[in-house]
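In: pasting a predicted model and its sequence here:
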Amino acid sequence: MEKYFKLKENGTNVSTEIFAGLTTFFAMSYIIFVNPAILSATGMPSQAVFLSTIIASVIGTLIMGLFANVPYAQAPGMGLNAFFTYTVVFALGFSWEQALALVFICGLLNIFITVTKIRKSIIKSIPESLQNAISGGIGIFIAYIGIKGAEMVQFTSESANIISVNGQTFAADGTYSSIFSVVTNGGIIPALVDFTNPATQLALIGLVILVFLLVMNAKGAILISIVATTLIGIPFGVVNLSSLSMSSNSITSSFADLGTTFGAAFGPKGMQSLFSDPSRIPLVLMTIFAFSLSDTFDTIGTFIGTGRRSGIFSEEDQKSLETSTGFKSKMDKALFADAIATSIGAIFGTSNTTTYVESAAGIGAGGRTGLTSVVTALLFLLCILIAPIAGIVPTAATSPVLIIVGVMMMSSFTKINWEDLEEAIPAFFASVFMGFSYSISYGIAAGFIFYCLIKLIKGQIKEVHPILIVSTLLFIANFVILAIIN
């Protein structure tokens with residue numbers, strides 16, 4: 001194990017990697033319950049999506065750990081699954097089988113741009129100031145996920161600001177049942193909650209426990225805080241022990257339902273019908289482009305942000321990335337592992353599988369090698385049998401971890417020259433927009449656009465790497481496409 005994962009070389013050991021793998025798993029295990037809830041709205045069998053989510057997560061994470069030897073976990077991406085359901089299926093009228101086919105093609109496209117080194121070239125083209133902004137921005141994004149998960153903020157919107165409900169245009173005098181999606185415009189107002197919610201109170205307790213343990217340099221502080229907060233959540237009524245009851249029938253029925261989604265992307269309702277209508281081919285191509293661009297830059301942002309902060313991708317590895325051919329550097333291997341996971345997930349029946357920013361929780365707990373990923377993957381696999389156990393860990397127990405990990409990652413902001421507006425403005429938009437738009441790729445887009453705009457204004461556009469210019473134009477095209485298809 002030491003020889004394969006190079007534990008000593010990476011300054012870690014088996015126990016630390018196990019703790020880190022457990023931490024990453026608990027920080028992102030919500031996806032095995034949330035993803036089926038979102039995708040099943042399209043008509044996909046919920047239990048089949050439950051299994052496909054686990055299978056895609058296990059395979060993608062194992063490849064990341066065993067092939068790339070880095071502590072990142074993969075699973076169907078939040079945001080991408082919402083795009084799959086509410087935009088591709090509901091708004092654009094694709095069947096869920098066709099949507100899976102689109103995801104599969106997106107995965108092939110990602111493999112192509114990885115093998116041909118396009119992805120690697122994009123990373124090399126990003127100036128250091130923007131890389132630091134992306135790293136700090138991911139800290140803001142992760143912390144915001146934690147604050148939202150802890151239910152510390154609430155949002156108020158008047159009826160005049162509501163755009164749609166359940167993907168349909170909102171009518172103030174309409175009647176709605178089983179509401180699962182509400183879209184509102186900039187009129188929404190965030191506010192601090194009154195802290196009467198037991199889940200919020202539990203999250204605050206968990207945050208205090210974690211801060212105490214970290215300040216006291218307690219080993220395994222993050223995992224200890226998750227376990228302690230979960231136990232405290234029992235008398236708070238936040239942790240529901242009744243969910244521990246297990247039924248073998250549900251497992252059997254889940255595998256039976258998996259037959260419905262497995263390979264559906266290639267069936268008569270999927271790939272075979274996707275290009276049958278010539279008038280919809282431009283829409284198909286635009287949708288694949290939107291899927292791929294978001295997936296690609298979410299991953300690049302995660303690697304740059306967490307890799308720079310933790311040293312997982314060392315200077316030597318980054319130099320190797322620039323000069324090597326094939327898959328010799330960690331980054332090369334990690335990018336390839338991420339690329340193939342999306343197509344694998346589509347085969348089993350789930351939306352884009354991507355590298356999870358919550359991996360930063362495990363990295364914050366000391367994870368430095370692929371052993372962390374292997375542990376996380378094995379825990380996901382066990383969830384097929386013991387999903388109720390994973391399900392009793394409340395969001396209130398993992399949210400404090402995300403908040404503190406976000407704080408740790410913001411140290412990258414100190415490397416940005418905030419006195420120089422030419423550097424500060426792109427850095428601001430790249431970092432803050434990640435939280436505001438709830439998207440890593442859109443934050444990167446904002447940074448790219450303002451970086452190029454400033455260089456254009458200053459007459460220095462020739463100093464910008466051509467790939468960065470092309471990436472910026474693609475982002476602008478993506479926003480235009482999204483406006484058209486929506």
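Out: Received, thanks.
In: now the strands for the stretch 151-300 of the chain?
Out: For the stretch 151-300 of the chain, applying DSSP state E, counting those that start in this stretch gives strands covering 153-156, 162-165, 168-169, 182-184, 189-192.
In: for residue 366, find the nearest of the ones you listed.
Out: Taking CB to CB, strand 153-156 is the member of these nearest to residue 366, at 30.0 Å. To be clear about C-beta, it is placed using only N, CA and C from the backbone, and glycine gets the same treatment.
In: same for the closest one, what does it pack against?
Out: Contacts defined by 3 or more CB pairs under 8 Å, 6 or more residues apart in numbering; DSSP states H and E place strand 153-156 against strand 189-192.
In: related to what we said a few turns ago, of all the strands of the stretch 151-300 of the chain, which lies closest to residue 330?
Out: Comparing these by CB to CB, strand 153-156 comes nearest, at 36.8 Å.
In: contact partners of that closest one?
Out: Contact with strand 153-156 is made by 147, 188, 189, 190, 191, 192, 193, as judged by CB atoms under 8 Å, 6 or more residues apart in numbering.
In: before we move on, back to that, how about the strands of the stretch 151-300 of the chain in CSV, adding mean pLDDT, distance to residue 216 and mean neighbour count?
Out: Formatted as CSV, the strands of the stretch 151-300 of the chain follow (pLDDT from 0 to 100; distance: least, CB to CB, whole Å; neighbours: other CB atoms under 10 Å):
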stretch, mean pLDDT, distance to residue 216, mean neighbour count
strand 153-156, 89, 29, 12
strand 162-165, 85, 47, 16
strand 168-169, 78, 52, 11
strand 182-184, 84, 43, 16
strand 189-192, 88, 28, 10
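In: surely residue 352 and residue 76 touch.
Out: Yes: in this structure residue 352 lies within contact range of residue 76 using CB atoms under 8 Å: 6.6 Å.
In: the two: which is more packed in?
Out: The residue with more neighbours, out of residue 352 and residue 76, is residue 76; 31 against 28, by other CB atoms under 10 Å.
In: where does the more buried one fall, phi/psi-wise?
Out: Per-residue torsions, residue 76: phi -60, psi 130 (degrees, to the nearest 10).
In: in the sheet, which residues pair with it? Tell me.
Out: Note on residue 76: beta-bridge partners by DSSP bridges are residue 353.
In: distance of it relative to residue 49?
Out: Separation of residue 76 from residue 49 (CB to CB, to the nearest Å) stands at 9 Å.
In: common neighbours of the two, please.
Out: With CB under 8 Å, 6+ apart, residue 76 and residue 49 have common neighbours 35, 350.
In: one step back: save the strands of the stretch 151-300 of the chain as JSON lines, and put in distance to residue 223 too.
Out: Compiled in JSON lines, these are given as follows (distance: least, CB to CB, whole Å):
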{"stretch": "strand 153-156", "distance to residue 223": "26"}
{"stretch": "strand 162-165", "distance to residue 223": "40"}
{"stretch": "strand 168-169", "distance to residue 223": "43"}
{"stretch": "strand 182-184", "distance to residue 223": "35"}
{"stretch": "strand 189-192", "distance to residue 223": "29"}
